[in-house]
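Just the structure for this:
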Amino acid sequence: GRRKIWIDNRFLYVFTWLWHSYGEISIMGLMYAIGVQVVDIIGVVFYLLMPLNREIICIYWLKFLLGVLFWAAGIGIFDTAKNAEEKTVYENYYDFSTVLSKVSGYQTLAINRGEKEKILTVKIEAPEDDILRYLRKKVIVKENEYTTPYLREVVEDSYKRLIAPAIEREIRSELTETAEDGAIEVFGKNLHQLLMQPPIAGKVVLGWDPAFRTGCKLAVVDETGKVLDTIVVFPTEPQNKVAETKRIVKAMIEKYNISLISVGNGTASRESELVIVDMLKELNRPVQYIITNEAGASVYSASKLATEEFPNFDVGQRSAVSIARRLQDPLAELVKIDPKSIGVGQYQHDMNQKKLREALENVVEDCVNNVGVDLNTASASLLEYVSGVSKAIAKNIVTYREENGRFKSRRELLKVAKLGPKAYEQCAGFLRI
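Now for the predicted structure:
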């Protein structure tokens, strides 16, 4: 339709026509749409000399063509350090440049983080002369000594001030989204492999959470995951009570018939391992030890869930229990921890958190339903990943089990509060007794 435009109160008005069919608009309409601020005389001259029916351009088509130019013409992403002398983890990107089509996902995420931390300056370089030549060819359909200089300025200003920054933002956004999708996929595969590790069942395990100043926290867990005993020993610096530690651990091994020691791989892990190896040589019974990945154990031990599960334990004792249980049933223990804290992904804190959370929850749910869970030993945090079981129903199942004892058949689930026939139909096949 018609648009009335007042220009500095010196011209009554001019008409511009927006050709709406098929999303197409005239050159004047294009200028109007992108908000180019043109002085009054240029706008009037441009309108009067540009035939309305001559050069119709679709905004989206123009944007697409410029995007193709950005990608196809060997456009590169360049980043430099704000302080080249400063030593940081981003030194590989202090003077980095590459073609857009060859940028790896991890490079994109690293550059984005460096830019966010104000260490790197990033820009995308395009063949500006070629793009401006293309735009002039499309806009200036007829040379005129009076209007051509103004139109050249209009084209250059439109590109540099509006079009180029918009396309650069779009390209950066597309690179980031592609990199995030790839990183989430890798994270999901790594998490799946971690959760599907075979359990070591039927063994009494001693969980060993190593440390220096605060001492090593130990926890004995029986075959069903029940905590039998906890204690703190000081075999490392600065106390160096090695002999006392050996005596205490040997007594625990004899008392609880421990056959496996699970040692966390955190601080003081190597020092603790030396003590354990030396002690095992002095035993008359076969006892083995395994270095266990303790990523996320500290996060779990300080969580609300751990506090509810072990209200009388401190953070170190809960961590030792978690390290022991990870050997007995990795899936049942790791589902209690936020997947982002397990440490099997890259740049997880820089991604779209909603998309990452949904993807990882789907992986955990798939693993749980693939293996199934024991109805008489599973915790509420594990049960809530079973199809048809919500967080409230999972708590109700555990409460019913504590009040009425072990489930003797799956039909008993129908007696659990809020678990109706439909929910039972969904979950029964994934629960075993």
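
For the longest helix along the chain, which helices and strands make contact with it?
Using DSSP state H, we find that the single longest helix of the chain is helix 164-195. Helices and strands touching helix 164-195, by 3 or more C-beta pairs under 8 Å, 6 or more residues apart in numbering; DSSP states H and E, are helix 59-72, helix 105-116, strand 120-125, helix 330-334, helix 353-371. Using the backbone N, CA and C atoms, a C-beta is placed for each residue, glycine as well.

neighbouring contacts of the helix or strand that that helix is followed by?
Using DSSP states H and E, the helix or strand that follows helix 164-195 in sequence is strand 205-209. Defining contact as C-beta atoms under 8 Å, 6 or more residues apart in numbering, one finds that strand 205-209 is touched by 216-221, 249, 252-253, 256, 258, 260-264, 266, 272, 276, 294, 297, 316, 319-325, 327-328.

Alpha carbons of strand 205-209, as PDB, please.
The C-alpha trace of strand 205-209 is given here as PDB (Å, rounded to 0.1, in the frame of the first residue of the first chain):
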ATOM      1  CA  VAL A 205      33.800 -52.200  49.000                       C
ATOM      2  CA  LEU A 206      35.900 -49.800  50.900                       C
ATOM      3  CA  GLY A 207      35.500 -46.300  49.500                       C
ATOM      4  CA  TRP A 208      38.700 -44.100  49.800                       C
ATOM      5  CA  ASP A 209      38.400 -40.300  49.300                       C
END
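
Output the helix or strand that residue 306 is a member of in CSV with nothing but the alpha carbons.
Secondary structure from DSSP H and E places residue 306 in helix 304-309. Taking C-alpha atoms only, helix 304-309 is exported to CSV below (Å, rounded to 0.1, in the frame of the first residue of the first chain):
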residue,chain,number,x,y,z
LYS,A,304,20.2,-31.7,49.0
LEU,A,305,19.7,-35.4,47.9
ALA,A,306,22.9,-36.5,49.7
THR,A,307,21.9,-34.6,52.8
GLU,A,308,18.5,-36.4,52.9
GLU,A,309,20.1,-39.7,52.3
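
so who does residue 384 touch?
Contacts here follow C-beta under 8 Å, 6+ apart; on that basis residue 384 touches 390-391, 393-394.

Going through these, which ones are buried?
Among the contacts of residue 384, those classed as buried by 16 or more other C-beta atoms under 10 Å are 393-394.

hmm, back to that, now the helix holding residue 306: buried residues?
306, 309.

before we move on, what about stretch 387-404?
388-389, 393-398, 400-401.

how far out from the middle of the chain is stretch 327-345?
Stretch 327-345 sits 15 Å away from the centroid of its parent chain (C-alpha atoms, centre = their mean, to the nearest Å).

what is the mean pLDDT for that stretch?
Taken as a whole, stretch 327-345 carries a mean pLDDT of 81.

circling back to that earlier point, tilt between the longest helix of the chain and helix 353-371?
Angle, helix 164-195 to helix 353-371, by axes from the mean of the first three to the mean of the last three C-alpha atoms, to 10 degrees: 20 degrees.

now helix 164-195: mean pLDDT?
For helix 164-195, the mean confidence score works out to 89.

Measure how far it is from the centre of its chain, please.
When C-alpha coordinates are averaged (C-alpha atoms, centre = their mean), helix 164-195 and its chain have centres 9 Å apart.

what does stretch 352-371 give?
With C-alpha atoms, centre = their mean as the basis, stretch 352-371 stands 12 Å off its chain's centre.

buried ones in it?
356, 359-360, 363-364, 367-368.

Show me the shaky parts of this structure.
Along the chain, the parts satisfying pLDDT under 70 run over 1-79.

measure the spatially most central residue of it to residue 368 for me?
Here the mean C-alpha position of the chain is nearest to the C-alpha of residue 348 (C-alpha atoms, centre = their mean), at a distance of 3.2 Å. Separation of residue 348 from residue 368 (C-beta to C-beta, to the nearest Å) stands at 21 Å.

What of residue 293?
Using C-beta to C-beta, residue 293 is found at 20 Å from residue 368.

returning to what we had before: which one of the buried residues of stretch 352-371 sits closest to residue 88?
Within those, the smallest distance to residue 88 is 25.2 Å, found for residue 356 (C-beta to C-beta).

That closest one and residue 187 touch, don't they?
Yes: counting by C-beta atoms under 8 Å, residue 356 touches residue 187, with 7.3 Å between them.

Now do the phi/psi pair for residue 260.
When read as degrees, to the nearest 10, the backbone of residue 260 gives phi -150, psi 140.

Could you pull up the residues touching it?
200, 203-206, 287-290, 327.

and what of residue 219?
Contact partners of residue 219, counting by C-beta under 8 Å, 6+ apart, are 206-207, 209, 227, 229-230, 317, 320-321, 323-324.

Residue 152 too?
Each residue near residue 152 by C-beta under 8 Å, 6+ apart is listed here: 136, 140.

my read is it is in a helix, agree?
Yes: Residue 152: assigned to a helix according to DSSP: H, G, I helix; E, B strand; the rest coil.

what separates it from residue 146, distance-wise?
Distance, residue 152 to residue 146, using C-beta to C-beta: 12 Å.

which ones among the buried residues of stretch 387-404 are found in strands?
Per DSSP state E, strands hold no members of the buried residues of stretch 387-404.

What about those residues, which are in helices?
Going by DSSP H, the helices hold 393-398, 400-401 from the buried residues of stretch 387-404.

Could you find the closest non-adjacent residue to residue 276?
Spatial nearest neighbour of residue 276, chain neighbours left out: residue 289 (5.3 Å); criterion: C-beta to C-beta, 6 or more residues apart in numbering.

between the contacts of residue 219, which is nearest residue 241?
Nearest to residue 241, judged by C-beta to C-beta, of these is residue 209 at 16.6 Å.

Tell me how many other residues crowd that closest one.
Residue 209 has 34 neighbours, counted by other C-beta atoms under 10 Å.

cool, and residue 145?
Neighbour count for residue 145, taken as other C-beta under 10 Å: 6.

Let's verify it: helix, strand, or coil?
What three-state DSSP gives for residue 145 is coil.

just residue 261 next, same as before
Three-state assignment for residue 261 (three-state DSSP): strand.
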